[in-house]
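S.K.: Build the 3D model from these lines:
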Amino acid sequence: MPQDLAIDPRPTASGAEIGMLRLRTLVRLRWLAIVGQAGAVLGVYFVLGFPLPLGPCLVVIALSAWLNIFLTIRWRKSMRLHETHAGLLLVYDVIQLAVLLFLTGGLENPFSFLFLVPVTISATSLPNRWTLWLGLLAFACATFLAFRHFPLPWLPGDRFKPPDIYLGGMWAAIICGVVFSAIYARRIADEARQMSAALSATELVLAREQRLSALDGMAAAAAHELGTPLATIALVAKELKREMPHDAPHTEDIDLLISQTARCREILARLSNREAQTDEMYQRTAILAMIEDLVAPLRGSDAVIAVTSSADPDDKAMGNEPVFRRNPAITYGLGNLLENAVDFAETRVEVDARWTPAQVSITVRDDGPGFHENIFDRLGDPFVTTRPGYGEDTGEAGQHEGMGLGFFIAKTLLERSGATVSLANRPTPEHGAVVHVVWPRSLVDLGRS
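M.R.: Below is the predicted model:
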């Protein structure tokens, strides 16, 4: 069950766990910036004919190019940068952009919005403290450029002078853009990392269940391989007994050896027969038998578990109970839902199986507190749980703590099997949670497929 998973894939705030930037990524982004900056400066000067300090601008751009060349020669581009090194390179990018804007009009230059880029990169890949420092640096540079800068390149003999309120709006837009893009990028990156970690945990659980299902095949293979040496042992033991006198001291040992060899052959024969009947018997299970297998280990709890069933009166095959193929995804998913219901129930859990010609459904109800309204819309996402916080000290020995992965894994596995999983709370004055799982009957019923 999920609480037995010895993993904690949740991302944390440390730089190593968030994920370090590759040097190749920063180098390529800086080359893109160099090409864009050089094209803009040369285009304004030679194509538009606007005067600007061309030499200093090209020196600032060339400095970035030399930095890229140095980084490429000195280190492998595939290496991952420590958070401090990556942060310092982004600090350089902010300062380089600020110097270039200082030479070309400050906040009057429409390219001043590019302050967002280094801060956004930091928000997706570096710890919060670096994003905060880069945001403050961008804020300081934007504030300085609002008051101190070279004139904006414009028509010869003329000067473009926007009103102060326009500059104030540009300053506010840059600051708001930096803050919004950083928060948005951080949230999206965190959700992507959480989903990736949770899906990895799901694959781990499914692989474990599939390995357990494969044990029957392995047992049959072992039975086949061991059959010949056991037959040889039995034959040699019988020959030894035949040649030994009846009153020999080892007669009883030989008889024991023969009897134990026969017992081993019987066990191996049963394993072989199980494998021979796998497709016909073992891999098929009626829906109620499957539910009983899942409920049986939970019946010793304080909550009473009631299993009911019904068929659609219009079903021509009424009473023809759906037969499922044993599926680790369905077994694990339903087992998790039942365990959660038992954990939260006060006195009773109801499991209702229904089938019609079109669909098969299983509904699990409990009389516990139900789903919390503040996280109801996020249930089924990874790391969302109503249990005590995973890894926190709750102060109660033996109390189960949830990672927020169990229901996500169960829901994902059931949906992979073709099911639709829906959640609800019982209508007042009743209380408790309701989980409804529905499959198209043609998809899961071996008698209908």
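
S.K.: rest of the way, CA atoms for contacts and neighbours
M.R.: OK.

S.K.: now the strands for this structure?
M.R.: 284-286, 304-311, 323-325, 348-355, 359-366, 420-425, 433-440 (DSSP state E).

S.K.: just so I know, which of the ones you listed lies nearest Pro249?
M.R.: Closest approach to Pro249 among those is made by strand 284-286 (52.2 Å; CA to CA).

S.K.: before we move on, back to that, right, so of the strands of the chain, which gets closest to Ala189?
M.R.: Of the strands of the chain, the one closest to Ala189 (CA to CA) turns out to be strand 420-425, at 26.7 Å.

S.K.: What segments of the stretch 101-250 of the chain are helices?
M.R.: 116-125, 128-147, 164-213, 215-243 (DSSP state H, counting those that start in this stretch).

S.K.: rank these by mean pLDDT and give me the bottom one.
M.R.: Mean pLDDT is lowest for helix 215-243 out of the helices of the stretch 101-250 of the chain, coming in at a mean of 71.

S.K.: List the contacts of Arg187.
M.R.: If a contact means CA atoms under 8 Å, 6 or more residues apart in numbering, then Arg187 has no contacts.

S.K.: where in this structure is pLDDT low?
M.R.: For the chain, the stretches with pLDDT under 70 are 1-20, 77-78, 198-199, 201-225, 270-282, 312-319, 374-405, 447-449.

S.K.: Now do Trp31 against Ile61, distance only.
M.R.: Distance, Trp31 to Ile61, by CA to CA, to the nearest Å: 10 Å.

S.K.: So those two - more neighbours on which side?
M.R.: Ile61 (20 against 15; other CA atoms under 10 Å).

S.K.: Number of residues surrounding Thr363?
M.R.: With other CA under 10 Å as criterion, Thr363 counts 19.

S.K.: quick one: contacts for it?
M.R.: Thr363 touches Glu350, Val351, Asp352, Ala353, Val434, Val435, His436, Val437, counting by CA under 8 Å, 6+ apart.

S.K.: at 10 Å instead, please
M.R.: Counting by CA atoms under 10 Å, 6 or more residues apart in numbering, Thr363 makes contact with 308, 337, 350-354, 421-423, 434-438.

S.K.: Can you check which residues contact both of Trp31 and Ile61?
M.R.: Gln37.

S.K.: Do a quick rundown of the helices in the stretch 301-449 of the chain.
M.R.: So, for the stretch 301-449 of the chain - with DSSP H, counting those that start in this stretch - the helices run 328-344, 406-416, 441-444.

S.K.: how about His149, phi and psi?
M.R.: For His149, the backbone dihedrals (degrees, to the nearest 10) come out as phi -180, psi 160.

S.K.: give the contact list for it.
M.R.: Shown in contact with His149 (CA under 10 Å, 6+ apart): Ala98, Val99, Leu100, Leu101, Phe102, Leu103, Thr104, Gly105, Gly106, Leu107, Glu108.

S.K.: The nearest residue to it once chain neighbours are set aside and Trp66, how far apart?
M.R.: Nearest non-adjacent residue to His149, counting by CA to CA, 6 or more residues apart in numbering: Phe102, 4.6 Å away. Using CA to CA, we find Phe102 at a distance of 21 Å from Trp66.

S.K.: can you check Val178 too?
M.R.: Relative to Trp66, and taking CA to CA, Val178 is found at 28 Å.

S.K.: more crowded one of these two?
M.R.: Val178 (25 against 11).

S.K.: wait, what's in contact with that one?
M.R.: 113-120, 134-136, 138-139, 172, 184.

S.K.: ditto for Gln37
M.R.: Trp31, Gly43, Cys57, Leu58, Val60, Ile61, Leu97, Leu100, Phe111.

S.K.: Show me which of the residues you listed is closest to Ala86.
M.R.: Scanning the contacts of Gln37 for proximity to Ala86, where the rule is CA to CA, the winner is Trp31, at 15.9 Å.

S.K.: need the helices of the stretch 101-250 of the chain in a markdown table with distance to Val304, can you?
M.R.: Output for those, formatted as a markdown table (distance: least, CA to CA, whole Å):
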| stretch | distance to Val304 |
| --- | --- |
| helix 116-125 | 48 |
| helix 128-147 | 48 |
| helix 164-213 | 28 |
| helix 215-243 | 33 |
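
S.K.: Just name the most buried of the ones you listed.
M.R.: helix 116-125 (a mean of 24; mean count of other CA atoms under 10 Å).

S.K.: so how far is that helix from its chain's centroid?
M.R.: 23 Å (CA atoms, centre = their mean, to the nearest Å).

S.K.: again with stretch 418-426
M.R.: 21 Å.

S.K.: For that stretch, buried residues please.
M.R.: Ala419, Thr420, Val421, Leu423, Asn425, Arg426 (16 or more other CA atoms under 10 Å).

S.K.: measure the fourth one to Ala289 for me?
M.R.: Think Leu423. 24 Å.

S.K.: again with Phe324
M.R.: For Phe324, the distance to Ala289 - CA to CA - is 10 Å.

S.K.: What of Tyr184?
M.R.: Counting by CA to CA - Tyr184 and Ala289 are separated by 49 Å.
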